[in-house]
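> Got a predicted structure plus its sequence, pasted below:
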Amino acid sequence: MRKQFIAGNWKMNLTLEDAKGLARKLYDGLKGSDKVDVGVFPSFVFLKEVCDILSNSKVFIGAQNMSMEKSGAFTGEISGSMLRDVGCTHVLIGHSERRTIYQETNSIINSKLKAALLNDLSPILCVGEKQEERDAGKTREVVKNQLSEGLLNLTSEQVKRLTIAYEPVWAIGTGKTATPEQANEVHAFIRDTMRDKYDDDTAQRIRIQYGGSVNAENAKQLLGQPEIDGALVGGASLDSNSFLDIVSDAASFS
Ligand code: PEP
């Protein structure tokens, strides 16, 4: 059975004091619970402080993005080894905001995944279709392409370190979630694609999170679906009570 994994993407939000306060509340609220894997993804500049606060906990800390390059003249970029240095174990790759606002292609995402794995970081690869793609009946085609180009030349051993987050773009930050059935159907398709591309063991092991307007009110229904192994939470992860409620909902399925 796959352990549920709830991750909070703090995006470009919070002050340093707010981020530290939120991390402390999560530390207190999660004490002694390890039924669910929990991770937070603060802004780069808050990573060190958040890592320090959560260092005695089981909470994973990750960055929201990273460079595909090792080091050198890449002004403004952050490498995988820098993320390891400050205590990160995880990294989000290919979030839809990176794909759409910063034009990250599947090929860039593939290079970033390889760089993350080389640095022993566990990536969460985000995939998902836009509203017009869903309306045109292209959800499977889009997601399959994101997986086949994004995972190009990765071995099953490497892929086993990944989490995939299915995040329909139309559901991110819109208050409009996929229905549990809609989400479960795409998750099952992702798992089938992984089985075809790799093998049954890899497909069964990989965790597939749902993301897109998950909150304390709708989490239980989504997380109760057989193919949904957790959630990538944006807005609701900024409020400790909401986020902890979502973690408790996930624990009820572990
Ligand atoms: C996200 O940014 O990954 C996300 C799912 O955001 P929200 O929960 O706010 O829709």
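Cool, got the structure.

> From here on, just use CA atoms for contacts and neighbour counts.
Noted.

> now the spatially most distant residue from the centre of the chain: how far from Ser79?
When distances are taken from the C-alpha mean of the chain, Ala73 lies farthest, 28.4 Å away, according to Cα atoms, centre = their mean. Noted for Ala73: a distance of 11 Å to Ser79, by Cα to Cα, to the nearest Å.

> Leu223 too?
Distance of Leu223 to Ser79, given as Cα to Cα: 33 Å.

> could you pull out the strands for the stretch 51-200 of the chain?
Assigned by DSSP state E, counting those that start in this stretch, the strands in the stretch 51-200 of the chain fall at 60-63, 90-93, 122-127, 163-166.

> Of these, which stretch is the most buried?
The densest packing among the strands of the stretch 51-200 of the chain, expressed as mean neighbour count by mean count of other Cα atoms under 10 Å, is seen in strand 90-93 with a mean of 28.

> Please say which of Leu223 and Ser79 ends up with more neighbours.
Neighbours of Leu223 and Ser79, each counted by other Cα atoms under 10 Å, are more numerous for Leu223; the result is 26 against 21.

> mind listing what the more buried one touches?
Contacts were defined as Cα atoms under 8 Å, 6 or more residues apart in numbering; by that measure Leu223 touches 229-231, 249-250, 253.

> ok, which pair from these is furthest apart?
Within those, Ala231 and Phe253 form the most distant pair, 12.8 Å apart (Cα to Cα).

> Looking at those two, which is more packed in?
Neighbours per residue (other Cα under 10 Å) separate Ala231 from Phe253, with Ala231 holding more: 30 against 17.

> tell me the secondary structure for the more buried one?
strand (DSSP: H, G, I helix; E, B strand; the rest coil).
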